[in-house]
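Trainee: how would this look folded up:
(3 chains)
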Amino acid sequence: MRKAITGHKAVAEAMRQIEPDVVAVYPITPQSEIAEYYADYVHNGLVRTELIPVESEHSALSACIGAAAAGGRVMTATSSQGLALLVEVLYIAAGLRLPIVMALANRALSAPINIHCDHSDAYLARDSGAVQIFAESAQEAYDYTLMAQRIAEDMRVRLPVIVNLDGFTLTHTVQPVDLLEDEVAKKFVGEFKPFAPLLDVEHPVTWGAFAMSDYYFELKRAQEAGMEAVPAVFLEVQRAFAEVSGRRYEGFFEAYKLADAEYALVVLGSTAGTAKVAVDELRARGMKVGLLKPWLWRPFPGPAVAEALAHLKAVAVLDRAFSFGTMGALYEDVASALYPLEKRPILVNYIYGLGGRDITVPQLVQALEELPKIRRTEWALRYIGLRE
Amino acid sequence: MAGLKGWRELPLGGVVAGGTARDLNKTGSWRAERPIWHEEKCIQCLQCWLHCPDDSVLIRGGKVTGFDYEHCKGCGVCAAICPKDAIEMVPERGGECARP
Amino acid sequence: MKEIRWHGRGGQGAKTVSQILAQINLREGKFVQAFPEFGPERSGAPVRAYNRISDEEILVHSGVYEPDIVVVIDETLLDSERPTEGLKPEGVLLVNTPCSAEEIRARTKFPGKIVTVDADRIAKETGTGFPNIPMLGAVVALLGTDYNLAEAELREALGGRLSRDMLEKNLQAFRAGYEAAKEVAVGRA
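Mentor: The predicted model follows:
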């Protein structure tokens, strides 16, 4: 059923269909409406979820961790400073291999205080051990929230999954979203199978045991195995989703007009949509350009990205956050993916769109048009839409 | 680190079966003072059992029968709480040897 | 693709009608976007909302800079908000005002089509109190959207939040706005 709804509503609807046992959430702009819609569902009796209105995001994820270890299916959502506050326990959720799905309404981190979109919050959680997926549209946010549940709960993975959607640009914009029928969505997500639940008092277990230098390293290596399992599971879940929805997501990223391109952009989130318009505009003028939009950012699908970009002359990687003191995080991912190749494209890094600074079609057209003039890869940041 | 498991053998998320730590961690070796139970003074109020942080006061049939010296860390809480001075803390070294 | 920019004040319902318009356009098979100006919302402060309407999937996620239609829900914003900025010369300026189009032209210097609707009077006469719904009716007329389809969607959108009596008053206000603009709208805006 197609509805004109906001990104918030799309995520909340996916959560309603998943109907987790526990949702512990603390409101923060621009995530608040997800929590508000879900509270409505709970109090109107549409779901049987235990909603825990906690006093902070740290408590929200802590409650989720407890509930997940107890044997429940749990979800939460946050943004910006809220993500920053809960990152401490996000590492614990990942280390304990708890399949918690979290929507992240991407918003800039303070200071200065700001409520608008950039990816500094997602980048903060980059090394936390959570799987991270980026959505271009409300439709993708809805679809990937459903898929995230299966990816997180797969016994080969068992990790928290963050579904990123650009704050305001996606969360607050009404867009057409095709929703699955409740029964179809529920069947796709499937029954939750708890692992070693604390509430199973017949089989007592210890969660969160101590591990010193004798075992910590091995346990972390085992955690990385969960990450290593993600790509295969991701593709399986995409295929299963295509069967029930008819919407085909094929691969770790969308390669838009990339196969015969000479120049390309790599960009996360809603800007990829705007970039497609820029690509179309230049294609109409005869320039062979394309776009690579990662859906899966952590784990980073390096070899597949390298293969998709290898034939290009030059690539601009766009980061919507600083990684202060070095190149952008996405750029570094792409650069290290390309490094093993004998022949690789020239690479440049643009920082753009911080704190909700708009990014337009003409700006992206210009970035693509400049690529043929760049002679070699340089270790230097460039900027789009920044006043000197 | 001979005898330790490789990463592939470890349980998901480091979750371990309940009670397994007890056999691996003999915390009794940490003890500097050892509690001695004087049965003749004991009124079986079970205050020592209630307060022991290591669950090391042994109970059989609802009555104190002694200590689990494999795990008792010798903190002395039992001796301090005992209303009848029925528990005596004795140095592990320099006295008669009663090491388990 | 058509782009619309709404100017109102916080609490006048600009965001609400932009979202209802998106639902109406979706119902007629269009691709849509509706988004408010992203910022802290304060009652009485000037606010903007935007719509995109297209026969093809809308991929662009940037702001709207050169709208085809500008809707001014609060006439006092004509001076402070420069609502004609970026408005395409062949576009339409739709204003809630008792003034005539020529009087508004003299004030705004906008060379293109100007449509005026006295939405405050409609709101008063129908008893709804809000000018946003008559202005939505006027936009629907300018876009050439089927009236019955639009009314059905509006009924659905408002049905859950208004009493039956207030819903009927709003539908009257919607029709009055639609009729007022239809007379000047020639074909699709």
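
Trainee: Give me the buried positions along stretch C:1-10.
Mentor: When neighbours are counted by 16 or more other CB atoms under 10 Å in any protein chain shown, the buried residues of stretch C:1-10 are found to be C:2, C:3, C:4, C:5, C:6, C:7, C:8, C:9, C:10. From N, CA and C alone the C-beta is placed, and that goes for glycine too.

Trainee: Which strand residues bridge residue C:95?
Mentor: residue C:72, residue C:116 (DSSP bridges).

Trainee: what's the burial count for it?
Mentor: Residues near residue C:95, counting by other CB atoms under 10 Å in any protein chain shown, number 29.

Trainee: Hmm, it is touching residue C:105, no?
Mentor: No - using CB atoms under 8 Å, residue C:95 is not in contact with residue C:105; the gap is 10.3 Å.

Trainee: Tell me the buried residues in the top helix by length along chain C?
Mentor: With secondary structure taken from DSSP state H, chain C has its longest helix at helix C:164-182. Judged by neighbour count using 16+ other CB under 10 Å, the buried positions of helix C:164-182 are C:167, C:169-182.

Trainee: before we move on, what about stretch B:2-18?
Mentor: Taking 16+ other CB under 10 Å as the basis for neighbour counts, the residues of stretch B:2-18 that come out buried are B:10, B:11, B:12, B:13, B:14, B:15, B:16.

Trainee: pLDDT score assigned to residue 23?
Mentor: No chain in the question, so chain A it is. Residue A:23 carries a pLDDT value of 98.

Trainee: I was after chain C.
Mentor: Residue C:23 carries a pLDDT score of 97 in this model.

Trainee: same deal with residue B:54?
Mentor: Note for residue B:54: predicted pLDDT of 89.

Trainee: Now do the contacts for the residue lying closest to it once chain neighbours are set aside.
Mentor: Of all residues not flanking residue B:54 in the chain, residue B:71 sits nearest, at 5.3 Å (CB to CB, 6 or more residues apart in numbering or on different chains). If a contact means CB atoms under 8 Å, 6 or more residues apart in numbering or on different chains, then residue B:71 has B:22, B:25, B:26, B:27, B:28, B:54, B:55, B:56 as its contacts.

Trainee: Mind doing that once more with 7 Å?
Mentor: By CB atoms under 7 Å, 6 or more residues apart in numbering or on different chains, the contact set of residue B:71 is B:26, B:27, B:28, B:54, B:56.

Trainee: which one of those residues has the most neighbours?
Mentor: Each of these was scored by neighbour count (other CB under 10 Å); the top score is that of residue B:56, with 23 neighbours.

Trainee: Please report phi then psi for that one.
Mentor: Main-chain dihedrals, residue B:56, degrees, to the nearest 10: phi -110, psi 10.

Trainee: I'd like to know how far it sits from chain A.
Mentor: 19 Å (CB to the nearest CB, to the nearest Å).

Trainee: What distance do you get for that residue to residue B:69?
Mentor: Relative to residue B:69, residue B:56 is positioned 8 Å away (CB to CB, to the nearest Å).

Trainee: cool, and residue C:167?
Mentor: Remark: distance between residue C:167 and residue B:69 (CB to CB) = 80 Å.

Trainee: Which of the helices or strands spans the nearest residue to residue C:30 once chain neighbours are set aside?
Mentor: Leaving out its chain neighbours, the residue that sits closest to residue C:30 by CB to CB, 6+ apart is residue C:53, at 5.2 Å. With elements delineated by DSSP states H and E, residue C:53 resides in strand C:46-54, which encompasses its position.

Trainee: helices and strands around that strand, which ones?
Mentor: strand C:2-9, helix C:14-27, strand C:31-36 (3 or more CB pairs under 7 Å, 6 or more residues apart in numbering or on different chains; DSSP states H and E).

Trainee: Paired strands for it, with orientation please.
Mentor: Strand C:46-54 is paired, per DSSP bridges, with strand C:2-9 (antiparallel), strand C:31-36 (antiparallel).

Trainee: now these in CSV, with distance to residue A:252 and mean pLDDT?
Mentor: What follows is the strands paired with strand C:46-54, written out as CSV (distance: least, CB to CB, whole Å; pLDDT from 0 to 100):
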stretch, distance to residue A:252, mean pLDDT
strand C:2-9, 34, 96
strand C:31-36, 27, 96
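
Trainee: any chance of those strands in CSV, with distance to residue A:75 too?
Mentor: Compiled in CSV, the strands paired with strand C:46-54 are given as follows (distance: least, CB to CB, whole Å):
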stretch, distance to residue A:75
strand C:2-9, 34
strand C:31-36, 25
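
Trainee: returning to that earlier point: can you tell me which of the buried residues of stretch C:1-10 is closest to chain B?
Mentor: Among the buried residues of stretch C:1-10, residue C:10 lies closest to chain B (CB to the nearest CB), at 48.2 Å.

Trainee: Many thanks, we can stop here.
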